[in-house]
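**Q** here is a sequence together with a model predicted from it:
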Amino acid sequence: MIQTEVLVVGAGNAAMCAALAARDAGADVLVLERAPEAERGGNTAFTAGAMRTVYDGAADLAALMPDLSEEEIGRTDFGGYPAEAFYSDMERVTEYRADPDLVEVMVSRSLETLKWMAGKGIRFTPAYGRQAFKVDGRFRFWGGLTVEVVGGGAGLVETEHKIAAEAGAKILYNSRAVSLLADDAGVQGVVAVVDGVTTSIQARAVVLACGGFQANVEWRTRYLGPGWDLAKVRGTRFNTGEGHRMALAAGASAAGHWSGCHAVGWDRNAPEYGDLAVGDGFQKHSYPLGIMVNADGRRFVDEGADFRNYTYAKYGRRILQQPHQFAWQVFDQKVVHLLRDEYRIREVTRAQAATLDELAPRLDGVNPEGFLAEVAAFNAAVQTDVPFDPTVKDGRGTVGLAVQKSNWANPLTEGPFLAFQVTCGVTFTFGGIRITPQAQVVSAEGAVMPGLFACGEIIGGLFYHNYPGGTGLTAGSVFGRVAGTSAAAAAR
Ligand SMILES: Cc1cc2nc3c(=O)[nH]c(=O)nc-3n(C[C@H](O)[C@H](O)[C@H](O)COP(=O)(O)OP(=O)(O)OC[C@H]3O[C@@H](n4cnc5c(N)ncnc54)[C@H](O)[C@@H]3O)c2cc1C
């Protein structure tokens, strides 16, 4: 029998923030990681490390990033992201369903939590490569997402594990929690399979931080619906809803959007699960600069409805709904220099041609006549008298199309034309376990379950329908820290 004060299930960002906070409070901490060490860190390890936080201009960023130079500040328009903007983005993209109490914790503690992480040795930098464009010689940030972790998700996992080990937290790899040990007094630990051996682990408090259920094809089909078995998983293969199952079996209340998930355009030929060597490189997020067509050659979404940060997480579902579950993104030379780095990786499904007539038959699976007619109609509909500016919602849209493009519309006229084939890649599921703002798990009867806490992708109630880019890590850090602090207090 293993014993600890605080047991953390999972070893991604939410888990490690919980472990660090519990150590801050002086509790003994044991972390259980289902994956072997080489694959540790869950979805967190696959991210670019972009983190959405409230900030008030360059001064706040300089406080968070001691490496930020005067020269960088001088050549950059960082703008700001006030709390009101974060609240309104969460309300708008979730169609006013997000739990206001949870949103308040996340937004109001976002900057202080990132500062807490920085104080522990996690380094942040401005996301110049993906969230800023150069305008008149100066970088201008757009879309409320300005901060990323140095070294991306892999760097974040590496640093968090190093700091946690130095702080005295212990970790067991190849250790899968399978059920909660609970009695009338509350949760007392877990049963886990540690290196193939079923083991009881006693704890005064358990923090579930073991992710969503997106890597469980059966649950995906059951909860997200028909067709979701055909989606690819963008990240870890280890997040199969074990935490959801354990908590529900112990009497926890389910919360949030169980038929909803975060899903994006993802290379058509990407593997079934994420590949740590490629990370998030299979995603193709520059569609606002071009058009997306389906097998009929028809456009099916407003590619420029909003900054990509506010549309990408819901457009994976739209791609999944198309015939044969794919789309081609098409760009001309006017915007090729603006495409994100992921368009230049080796593992990419692409087509290229000097003219549209030559491109059409190269778009695997697409009706060429349908495509050519669609592009002709699109090109004729663009309001070319409105200036193009990718750093603002420029209003350069189309007129008179059944599927409008609202911003950043450019006629496809300058070859060579480039096209990239995508399918639906699921990131994480939105349905989860109900928690209080202190990260205590709530029972189906509405009572706090003594000894049980949850944080990260496993919690329900934050995201519905859609998601503002860079919020997953921030939510994980904020609620991870809260859960670790609450669990340590409960363990005393
Ligand atoms: C390709 C990709 C790119 C992304 N980019 C970003 C980004 O730039 N910014 C952003 O904010 N978000 C991003 N996200 C979302 C982000 O990854 C998540 O929101 C966040 O990392 C979730 O953290 P977590 O700790 O809850 O879960 P995870 O990091 O997934 O950790 C879950 C952990 O639980 C473990 N586990 C699962 N089951 C068990 C069990 N039964 N017993 C023990 N351990 C178990 C897993 O092995 C893993 O260690 C991205 C996701 C992907 C896939």
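**A** Arrived safely, thanks for sending.

**Q** excluding chain neighbours, what is closest to the residue of the stretch 251-400 of the chain found nearest the ligand?
**A** Nearest to the ligand, among the residues of the stretch 251-400 of the chain, is D280, at 3.8 Å (C-beta to the nearest ligand atom). Any C-beta I mention is one placed from the backbone N, CA and C, and that applies to glycine too. For D280, ignoring the flanking residues on the chain, the nearest one in space by C-beta to C-beta, 6 or more residues apart in numbering is A48 at 5.5 Å.

**Q** re earlier: and for the residue of the stretch 251-400 of the chain closest to the ligand, the neighbour number?
**A** Each residue near D280 was counted by other C-beta atoms under 10 Å, and the total is 21.

**Q** any idea how far A132 lies from the ligand?
**A** In this view, A132 and the ligand are 15 Å apart by C-beta to the nearest ligand atom, to the nearest Å.

**Q** again, but for N216
**A** Distance, N216 to the ligand, by C-beta to the nearest ligand atom: 10 Å.

**Q** which pLDDT value goes with the residue nearest to D280?
**A** Looking at A48, its pLDDT is 94.

**Q** surely it forms part of a strand?
**A** No: per DSSP: H, G, I helix; E, B strand; the rest coil, A48 lies outside any strand segment and is coil.

**Q** was I right to think it contacts T125?
**A** No: A48 lies out of contact with T125 (C-beta atoms under 8 Å); the separation is 11.4 Å.

**Q** between the two, who's got more neighbours?
**A** The residue with more neighbours, out of A48 and T125, is A48; 25 against 19, by other C-beta under 10 Å.

**Q** returning to what we had before: so who does the residue of the stretch 251-400 of the chain closest to the ligand touch?
**A** Contact analysis of D280 by C-beta atoms under 8 Å, 6 or more residues apart in numbering lists F46, T47, A48, G153, R234, E342.

**Q** can I assume the last one is in contact with H285?
**A** Yes: contact between E342 and H285 holds when scored by C-beta under 8 Å: they sit 7.0 Å apart.

**Q** joint contacts of A48 and T125?
**A** Taking C-beta under 8 Å, 6+ apart as the criterion, A48 and T125 both touch E148.

**Q** what parts of the stretch 351-492 of the chain come near the ligand?
**A** With C-beta under 6 Å from any ligand atom as the criterion, the stretch 351-492 of the chain comes near the ligand at residues T427, F428, G456, E457, G470, T471, G472, L473, G476.

**Q** what's the distance between the residue lying closest to the fifth one once chain neighbours are set aside and G281?
**A** Looking back up the chat, that one is G470. In space, and not counting its chain neighbours, G470 is closest to R52: 3.7 Å by C-beta to C-beta, 6+ apart. In this view, R52 and G281 are 21 Å apart by C-beta to C-beta, to the nearest Å.

**Q** more neighbours, the two?
**A** With neighbours defined as other C-beta under 10 Å, R52 and G281 compare such that R52 has more, 27 against 21.

**Q** now V422. Nearest residue, chain neighbours left out?
**A** G265 (3.8 Å).

**Q** that neighbour touches Q283, doesn't it?
**A** Yes: taking contacts as C-beta under 8 Å, G265 lies within contact range of Q283: 6.8 Å.

**Q** which residues do those two both contact?
**A** Y312, G425.

**Q** which of those two has more neighbours?
**A** In terms of neighbours (other C-beta under 10 Å), G265 is the more surrounded of G265 and Q283; the figures are 26 against 23.

**Q** distance of the closest residue to the ligand within the stretch 51-200 of the chain from D275?
**A** Taking C-beta to the nearest ligand atom as the measure, the point where the stretch 51-200 of the chain comes nearest the ligand is A177, at 3.9 Å. Distance check for A177 against D275: by C-beta to C-beta, it reads 26 Å.
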